[in-house]
Each structure stands twice: as structure tokens, then as C-alpha cells.
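# quick one: sequence and predicted model below, then my questions.
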There are 2 protein chains.
Amino acid sequence: MRTAVFVEPGKVEARDFEHPKIQEPTDAVIKIIRACVCGSDLWWFRGLDERKHNTVVGHEAIGVVESVGAEVTHVAPGDFVIMPFTHGCGHCAACKAGFEANCFNSKEHGSSGFQGEYVRYTLADWSLVKVPGQPDDYTDAQLNDLLALSDVMATGYHAAASAEVKPGDTVVVMGDGAVGLCGVIAAKLRGAKRIIAMSHHEDRAALAREFGATDVVAERGDAAVAKVRAMTNGGADAVLECVGTSLSVDTAIKVARPGAVVGRIGIPQETTDANAIPFRTNVGLRGGIASVTTYDRDVLLDAVLKGEIHPGRVFTQRFDLDHVQEAYEAMDQRKAIKSLLVISQ
Amino acid sequence: MRTAVFVEPGKVEARDFEHPKIQEPTDAVIKIIRACVCGSDLWWFRGLDERKHNTVVGHEAIGVVESVGAEVTHVAPGDFVIMPFTHGCGHCAACKAGFEANCFNSKEHGSSGFQGEYVRYTLADWSLVKVPGQPDDYTDAQLNDLLALSDVMATGYHAAASAEVKPGDTVVVMGDGAVGLCGVIAAKLRGAKRIIAMSHHEDRAALAREFGATDVVAERGDAAVAKVRAMTNGGADAVLECVGTSLSVDTAIKVARPGAVVGRIGIPQETTDANAIPFRTNVGLRGGIASVTTYDRDVLLDAVLKGEIHPGRVFTQRFDLDHVQEAYEAMDQRKAIKSLLVISQ
């Protein structure tokens, strides 16, 4: 069986590996149906983040359970599942509080090897999200919507939940990548009345509008702050920070009204000055790695199954495992918003 | 009429002034009954914060309205009122969101001159909190409880509200000054099940226990982090940061469980590193200047009038205006948790 491997910066390829086996009683082995490339993968692909060469890659997928360990009772071989990149035990204090990305019992610091034909999935019993029926029961577009629930849609939702978006809010979304676009979906799903997407790419702005953005602001930095503050009469009720650069975090804080919370899921790329979080205006900052299983079970799977949200629309190009290099390049060169990998269906 | 004045670092004294007059139609002039010294006053008293010499001081008081401007209709001469140090118009976006400390229409950046016999109070119509009856109707202890609602109790409550304390929570309170102690009261009022007060002063720890603390931890820094994490099985559900030093903020963040929010009201005294707010553990930071009027009206006045909370217990020494110097010294030398100034009753 084959899995994509990081060869060196700028190069990935599919290689042969032994079929994965159950190693822990909490494991499952899963046959992967569809996977995809994450914006965070570009950091090591571009050589900006350190990553060991010749390691398997990918952390977003949907699949069918092939085998399970002795302690896995909630899913069984043959089940169609979403495979969250977070792995929670379901019973520690972090999981119980709804933050399984910080599970005290997980040995995984992020999944890998999901861009392949089969993978061993840890803490499978609580973490996997069972989907009714079989892959065959779903359309191509539905499979993509379900795939988005393994990371990107749940991550966008985490930004909105961390920012405490509530019905009637005016929300600003920083970042027009796939996660930011899913943040727009999430803000709308939580009842936001006005959604201002910060975007200066026409294709992404168009998708933001399709997802529910009421306004698009193309300016950046101080010009963006001035424009949004004028549009919102002093600042937004909630801000989703889906980039992670200092400039974006700074802008996010400055477009928030007093008392608003910046929900951040952009992985911080630089050291920022903590004084950027202003005591005197009561603006808060919270967020981090998403609670994928929790959001999927509570909100997102239902919304996809009912056809209320279409996060799979972020996949604008598709590839197979033989062309994984092209899948990465399409995102690296901004030709694709997000690259889909069709593995077996 | 007399008001306390900052003469120079280490020296305050009461001096004669002209009786204040209504200047704006939104003003009130108030005869002060009781005032007090704030922990934040010690910063300029000690010469650590810049403050102009020979300026009037004090921002916490209760009193009786003497006269009002033409636009003030919610309070009338003769009304007994709590005088929040925050001044909100009540109709801007910040006030409507419940953050009147950040009112877009307030020209005040903190009150002053409340440690005196009379004061002009701005934005009086919305900000003043009317108390039923007259000062004579209340006991000495009740007057002190009401006085605490002008700042310290509302500020402690803001820490708990910002940290999103909810019923059943395990809460850590950093800081055993008057605000931290009021934070303990607030945590209990919001239904916390376990309240861990960080204190290494026996008199303050005793008051924390009286206010509802279930545990007291005397350790500081890493030793405190280790102890609290062990006690809480991985971290508290909410943390109140009522100090403002880098060490305290750092400890607060480290004793929070994944997903918890640190509610901070300690005025930051030092530059802290934003990386201290850890992305990977989903710990948040929010807070700032309290919403005094909002909390008093929504929760705190009722709790005082019903005798459910006794924040006036933080006043451990009393003085008159002739002895305002001694009132400051008692706090500066930690002989008093908080110094009361009995002005006219």
C-alpha cells in the first residue's frame, strides 16, 4: 500500500509501505477514501518549518474502518468514518471540557500518513466520527463536504466558537484561505447577521460571498482597520483570526469592539508583542487547535447531512496519489484554494 | 469643601476647594458619604506611576445627589447612589455590549476627586446606581458593602465574568488584595464549586476562606503551578488574575486547563511575552477595566441588599479626611487590606 512522503522541501511523492497493523487496543486501521492538503502542510513543504525528511504526511481524511483493537466498541469494521486529525480519549479533563486537541492521554501531536491508502488511527473509539451508510450513498460533492469535517471546517468553527460568535453579531474574518472561508460558514451557522471577509483575491472573495459574507474588505493593515471600524461603528462583535502572522493578529485586535474576543486558529508564525492584547479595551484572545470530534458530533455532521453547509466547495482542484506533488504545488502557487486527493473513490 | 490631593510621592493631604458646579447637562454634583483608597492608588503614591502633583485623588465612593444637569432624569437631588469609577453614556456600541469602561462618549479616563466632600460626576444619568432609601437606613457594615460596589467588588466580578466562571467550576484566584478577595466572592456568586485562593498572608487567607475559598495555596511561581495542577487534575476551569505582574500572569496561564480563560483585571505593570498565551493549549486571556454600572445593576446591588455577599469586609481600617495620609500609609505598609474614608457618615 502507498502513502505520500515528504522527501525534502518542495518535494513529496507516494511510496510503498507495509500494510498498517493494530498496535494498541485503542487503534483502528482505516482504508482511506479521500484526503487533502492542508495550508499548514505548506510550511514544511516550503522549508519554513523543520520536518524530518522521508516521513509520511497528511492529516485530513475520510475512510472505511478495516479493523479495530480490542477496546474499540463504538466503531466496527465496515463503518464509514470522518478521521479527525485530533485524537481524544474522551474521558480526561481536557476532553470532558470539549478540548480533545489537548487530550491528556493522547500520544499524538497531530496525525500523519493520512495522504495514503491505509493508516493506523489512534484513540479510535472516541475520536472517529461515524457517518451513516457507506461512501457509495453520497455524491461527489457530499464526500468533499464530509472530508472537510476532518479538519478545515472544524477549525473554522473553532475560530467562531472561540470568538463566541452569537446570533445577530457583526463578525470580521481575517484570512481567505480554506480555513478562513470555513470561518465564514461557521459564523453564519452560529447566526451572525453581518460577516465581513478580509480578502484581496477575487476567487476567494466570491466563495466567501457564497458562504455568507455580506461584505468583503480588500485593504490590509491600518487601512483595513480604519475601513472596518467605520463600517462597524467602532468595531466588530467577534473577530476570527485565520492567518497567524503578527500583522493579521494586530489587525484582528484593532477591528474588535471593546469586550469582543478574537478567536484565533492561525498558527502563530512569529513572536508578537503581548501588549497587542490591550487591557484598556477589554479585547480578549483565545483559540488554538480545534475540537474536531466535538464540533462534528455536536453541529457540523448534521449541518452537512442536511445540506445546510457546503465546506467541500473549498476543494478547487483534484488529484490522485500519483500526482500528490502537483496537489502541493497547486496550493503552494495559489492555483488551488485547497487540493483534494481522491484515493479510492 | 475639602478634597484629598496628591502632593508628591508618599504624601497626600486634604485641601480646600470651591464647591463643584454642574458644567455639562449630563453632570451631577454629589455629596460624598464614604470613600476609600484603591490598590491602584498606591502606584502613584509610591512614585512608581507618573501623576501630576497637586491633583485631586480617589475614584471610589457612595454619596447623595445634590444637584443634576438638565439631561439627567434617572437620578434626582436627594437620591442615595453608588458612584462607579467608570462613566458610560449607555447608548454607544461599547455600553450596549456591557463594556461601559470603554464608552465611546466618555471624556473621563478614570474618575478622580472622590476622596473629598463633594464631587462633580460626569455621565451621571446612566452611570450612577441608585440605592433604595437613604444612607441612614443602612448599618455601618451595609454602607461598606455598598461602597465596595463603586469599584473593588465590580472589578473582582469582572475577573470572574471575563474568565467565564460557571456553576460547578474549579476556580483559581491569583492575588489576595481587596480585588482578589472580591474575586473569591464573585466566583462563589457565579456558582464555583471549588475556589483555590493563592495567598501567603494569613489575614487575607482567612478572609478568602470566609468569602468562600475552599483551598488556600501559599506557594508562588513554579511550585504554585505544580501544586495547583496536582490539586485540579490538570488545571482549573477558570483563573482570575488580580495582580498584573508578569509572574502572576504566567502562573495564571499555567494553572489553567486546556480551553480555560484567564480573566485579568490586574493592571499590567510589565511587558509580557505574547507567546505566554499558548496557542497549543487553547488557553485564553481576556479582561480589562470593569463594567461597574452593569454588574451593580444586574447582580451585585441585589446580592448586597439581600445580605448574600459582604464585600465591605475588605475595609479593615477606617480614617477620616484629616487622616487621609494615614489611610494611604496603612495600605502601603500592608497594615490594612483596604482603607475606608468616612467622609460624612
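Perfect, thanks for sending it.
# is stretch A:154-163 up against chain B anywhere?
Yes: for stretch A:154-163 and chain B, the contact criterion (Cβ under 8 Å from any Cβ of the partner chain) is met by A:S162. In this view, the C-beta of every residue, glycine as well, is placed from N, C-alpha and C.
# contact partners of that stretch?
When contacts are defined by Cβ atoms under 8 Å, 6 or more residues apart in numbering or on different chains, stretch A:154-163 is touched by residues A:84, A:171, A:173, A:179-187, A:189-190, A:238-242, A:260-265, A:286-292, A:295-296, A:299-300, A:311, B:282, B:284.
# redo that, cut-off 6 Å
A:179, A:182-183, A:186-187, A:190, A:238-240, A:242, A:261, A:263, A:265, A:286-287, A:290, A:292, A:295 (Cβ atoms under 6 Å, 6 or more residues apart in numbering or on different chains).
# A:K31 pairs with what?
Using DSSP bridges, the beta-bridge partners of A:K31 come out as A:V64, A:Y118.
# quick one: contacts for it?
Remark: with contacts taken as Cβ under 6 Å, 6+ apart, A:K31 is in contact with A:G63, A:V64, A:E66, A:Y118.
# how near is the residue of the stretch 1-150 of chain A found nearest chain B to B:G259?
Among the residues of the stretch 1-150 of chain A, A:N102 lies nearest to chain B; the distance is 3.3 Å by Cβ to the nearest Cβ. For A:N102, the distance to B:G259 under the criterion Cβ to Cβ, to the nearest Å works out to 7 Å.
# for these two, list the residues in contact with both.
Counting by Cβ under 6 Å, 6+ apart, the residues touching both A:N102 and B:G259 are B:N282.
# check the offset of stretch A:113-130 from the chain's centre.
Here the centre of mass of C-alpha atoms in stretch A:113-130, compared against the chain's by Cα atoms, centre = their mean, to the nearest Å, lies 16 Å away.
# what's the straight distance from one end of stretch A:45-63 to the other?
25 Å (Cα to Cα, to the nearest Å).
# contacts for it?
With contact meaning Cβ under 6 Å, 6+ apart, stretch A:45-63 is reached by A:3-6, A:8-9, A:30-36, A:38, A:43-44, A:82-83, A:85, A:110-115, A:146-147, A:150-151, A:328.
# go on, stretch A:301-312?
Under the contact criterion Cβ under 6 Å, 6+ apart, stretch A:301-312 has outside partners A:A141, A:N144, A:D145, A:A148, A:M153, A:C182, A:I185.
# also stretch A:128-138?
A:I33, A:V75, A:D79, A:F80, A:V81, A:I82, A:T293, A:D296, A:Q345.
# restricted to helices, list the residues you listed.
Among the contacts of stretch A:128-138, the members falling in helices (DSSP state H) are A:T293.
# is chain B contacted by the lowest-mean-pLDDT helix or strand in chain A?
Least confident element among the helices and strands of chain A, by mean pLDDT, DSSP states H and E: helix A:246-254 (a mean of 90). No: using Cβ under 6 Å from any Cβ of the partner chain, helix A:246-254 stays clear of chain B, coming no nearer than 8.2 Å.
# so which strand or helix has A:R286?
Secondary-structure element containing A:R286, defined by DSSP states H and E: strand A:284-287.
# same thing with A:V261?
Under the criterion DSSP H and E, the helix or strand holding A:V261 is strand A:256-264.
# same deal with A:G180?
Here A:G180 is covered by helix A:178-189, with elements defined by DSSP H and E.
# residues contacting that helix, please?
Among residues not part of helix A:178-189, those counted as contacts by Cβ under 6 Å, 6+ apart are A:152-153, A:155-157, A:159-160, A:165, A:171, A:173, A:195, A:197, A:207-208, A:211-213, A:240, A:242, A:309, A:311, A:314, A:337-338.
# check stretch A:229-243 too.
Contacts of stretch A:229-243 with the rest of the structure, by Cβ under 6 Å, 6+ apart, involve A:159-160, A:163, A:165, A:169-175, A:179-180, A:183, A:249, A:252, A:255-257, A:260, A:262-266, B:93, B:104.
# cool, and stretch A:206-226?
When contacts are taken as Cβ under 6 Å, 6+ apart, the neighbours of stretch A:206-226 outside the stretch itself are A:181, A:184-185, A:188, A:194-200, A:205, A:227, A:251, A:254-255.
# cool, stretch A:34-41 as well?
Counting by Cβ under 6 Å, 6+ apart, the neighbours of stretch A:34-41 from elsewhere in the structure are A:58, A:60-62, A:114-115, A:143, A:147, A:177, A:327-328, A:331, A:339-343.
# out of those residues, name the ones that lie in helices.
When the contacts of stretch A:34-41 are checked against helices (DSSP H), the matches are A:L143, A:L147, A:A327, A:Y328, A:M331.
# farthest-apart pair in those, please.
Every pair in these was compared (Cβ to Cβ); the two farthest apart turn out to be A:L143 and A:Y328, at 21.1 Å.
# which bits of the stretch 1-150 of chain A sit near chain B?
Counting by Cβ under 6 Å from any Cβ, the residues of the stretch 1-150 of chain A that sit close to chain B are A:A93, A:A94, A:A97, A:F99, A:N102, A:F104.
# between those residues, which is nearest B:D322?
Nearest to B:D322 out of the residues of the stretch 1-150 of chain A next to chain B is A:A97 (Cβ to Cβ; 53.8 Å).
# which residues are in contact with that closest one?
If a contact means Cβ under 6 Å, 6+ apart, then A:A97 has B:G259 as its contacts.
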